[in-house]
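>>> Okay, here's the prediction I keep looking at, along with the sequence it came from:
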Amino acid sequence: QVQLVESGGGLVQPGGSLRLSCAASGFNLDYYYIGWFRQAPGKEREGVACITSSDGSTYYADSVKGRFTISRDNAKNTVYLQMTSLKPEDTAVYYCVAIKVGEDYWGQGTQVTVST
């Protein structure tokens, strides 16, 4: 069964850190472009970060540049999103997606709440 499962979300204070994981089963992440998206209540889903399958190049939304880092561990078939200096506006459900031509797989999402 093809599946992506996110984990690592939770409640954190402003300025804190979290590491999200996106683990794949049933397919090999090596050949997929991986993205992290987020959706806050009442807002549209937005792209946060992505990493290519070919050379591991990374791209970030301006709102998270310098604070978030996306990485992949092909041996573990897992992609990570390290989030630091978290702000209340980072509060959202975070989703990972694996994409290649003709295919895309989404996880179920993990809630991140940044609050005092």
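Cool, the structure landed.

>>> tally of neighbours for the nearest residue to T52 once chain neighbours are set aside?
Residue nearest to T52 in three dimensions, not counting chain neighbours: Y33, with 5.5 Å by C-beta to C-beta, 6 or more residues apart in numbering. (C-beta placed from N, C-alpha, C; glycine too.) By the other C-beta atoms under 10 Å criterion, the neighbourhood of Y33 contains 17 residues.

>>> residue closest to the middle of this protein?
Closest residue to the average C-alpha location of the chain: W36 at 3.3 Å, with C-alpha atoms, centre = their mean.

>>> partners of that residue in the sheet?
When assigned by DSSP bridges, W36 has beta-bridge partners A49, C96.

>>> Adjust the sequence numbering to begin at 17 for everything that follows.
Shifting the count to begin at 17 puts that one at W52.

>>> ranges for the strands of this protein?
For the chain, strands defined by DSSP state E occupy the ranges 19-23, 26-28, 34-41, 49-55, 62-67, 74-76, 84-89, 94-99, 108-116, 119-122, 126-130.

>>> which secondary element of the chain has the worst mean pLDDT?
strand 119-122 (a mean of 93; mean pLDDT, DSSP states H and E).

>>> show me the contacts for the closest residue to Q127 other than its chain neighbours.
Nearest residue to Q127, sequence neighbours excluded (C-beta to C-beta, 6+ apart): G25, at 4.8 Å. Shown in contact with G25 (C-beta atoms under 8 Å, 6 or more residues apart in numbering): 34, 36, 110, 126-129.
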